[in-house]
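[1] model this:
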Amino acid sequence: MRDVAAASGFTGGALLAARGLVFEADGRRLIDRVDIDIRAGCRLVIMGANGAGKSLLLRLLHGLVAPCAGTVQWKGRRLDRAARNHQAMVFQRSVMLRRSVVANLEFALAVRRLDRAERARRSARALANARLGDLARRPARVLSAGEQQRLAVARALACAPEMLLLDEPTANLDPDSTLAIENLVGEACRQGVTVVTVTHDPRQARRLGDEIAFMHRGDIAEIGAASSVLDRPRSPAARAWLEGRLAVDQAPCETPMGKEKTDAKE
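    Numbering: from 1, shown residues only. Sure, this is the predicted structure:
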């Protein structure tokens, strides 16, 4: 893998770092003082039970949601609009514009102010990589769910991001669509893109992750090498979830604001 840090002129620290992130809504604390560093070139998977705060954390890291407290930094500086242009995010249910498959790609590239020739070049390559070339002129909204999600990932990667954030990108998709999307993500990783993926599937976590951050009650209960977290989890929350046991702890959405946390980070 090429050195993304060197290629971008970034030579030290985390590519993206969060400190003391807090998010509260309707009197409830949903993200509770999260600290995390994401190194350039790494493949990080975020796991945890429903309601643990995984998707919300991803949105905070991408700057789609402003934290109530804490900071997010990109290459040591505040995450702003310019920094977000070096990132791309794919949602579990991506929005398709009311236009053709290729026009969806070209619109995303036009927003990045690329000239017509460059847009055409990148769009053609993205269609080929996603195996959507035969569907280029078809309306994007009539594609199958798997095809739409392949287009969403291809659209994000066509913008040449340094970091790709994926929120359950293959949820409810068939194995062929899942494989196609994982192949796209794998090729991006080989090109040096830093990838952060939210998934519920431990098998997918092994395939897509070098490191795993396990979330519980709005905080990161455990973070480490994928094999270590999946095979030898240290935190009670990760052990219970991976063993399929029911959690008896309160979810973060049930925790009143201002209540002191009693469980120590491990």
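
[2] okay, and for the stretch 151-266 of the chain, where does confidence drop off?
    246-266 (pLDDT under 70).

[3] those helices in it, which residues are they?
    Assigned by DSSP state H, counting those that start in this stretch, the helices in the stretch 151-266 of the chain fall at 175-190, 202-208, 226-231, 236-242.

[4] the residue most distant from the middle of the protein, which is it?
    For the chain, the residue at maximal distance from the C-alpha centroid (Cα atoms, centre = their mean) is A117, at 29.6 Å.

[5] So that one belongs to a helix, correct?
    Yes. Assigned with DSSP: H, G, I helix; E, B strand; the rest coil, A117 falls within a helix.

[6] and it, how far is that from A108?
    Taking Cβ to Cβ, to the nearest Å as the measure, A117 falls 16 Å from A108. C-beta here means a position set from N, CA and C on the backbone, and glycine is covered the same way.

[7] I'd say R33 and G70 touch.
    Yes. Counting by Cβ atoms under 8 Å, R33 touches G70, with 7.2 Å between them.

[8] Now the common contact residues for these two.
    20-22 (Cβ atoms under 8 Å, 6 or more residues apart in numbering).

[9] sec struct for S94, please.
    coil.

[10] count of neighbours near it?
    19 (other Cβ atoms under 10 Å).

[11] per-residue confidence at the residue farthest from the centre of the chain?
    Looking at A117, its pLDDT reads 94.

[12] Could you do the one 3 residues further on as well?
    According to the per-residue confidence, A120 scores 94 in pLDDT.

[13] what's in contact with the helix or strand that A124 is a member of?
    In the assignment (DSSP states H and E), A124 maps to helix 116-129. With Cβ under 8 Å, 6+ apart as the test, helix 116-129 has contacts from 101-102, 105-106, 109-110, 114, 133, 136, 154-155, 157-158, 160, 184, 187.

[14] from those, which two are the most distant?
    A110 and E187 (24.0 Å; Cβ to Cβ).

[15] I'd like to know how far the residue lying closest to A225 once chain neighbours are set aside sits from E162.
    Leaving aside its sequence neighbours, A225 sits nearest to E211 (Cβ to Cβ, 6 or more residues apart in numbering; 6.1 Å). To E162, E211 is 18 Å away according to Cβ to Cβ.

[16] ok, the two, which is more surrounded?
    Per other Cβ under 10 Å, whichever of E211 and E162 has more neighbours is E162, with 23 against 19.

[17] Can you tell me how far the more buried one is from R39?
    On the measure of Cβ to Cβ, E162 and R39 end up 12 Å apart.

[18] shared neighbours, those two?
    Shared contacts of E162 and R39, counting by Cβ under 8 Å, 6+ apart, come down to 15, 194.

[19] you'd agree L97 is up against N104?
    Yes. Here L97 reaches N104: they are 5.2 Å apart, a contact under Cβ under 8 Å.

[20] which one of these two has more residues nearby?
    Neighbours per residue, other Cβ under 10 Å: of L97 and N104, the larger number sits with N104, 26 against 14.

[21] Next, work out how far apart that one and G76 are.
    N104 is 34 Å from G76, by Cβ to Cβ.

[22] Quick check: neighbours shared by L97 and N104?
    Common contacts of L97 and N104, defined by Cβ under 8 Å, 6+ apart, comprise A140.

[23] and R39, how many neighbours?
    Neighbours around R39, by other Cβ under 10 Å: 16.

[24] Could you do G244 as well?
    Residues within reach of G244, counting by other Cβ under 10 Å, total 6.
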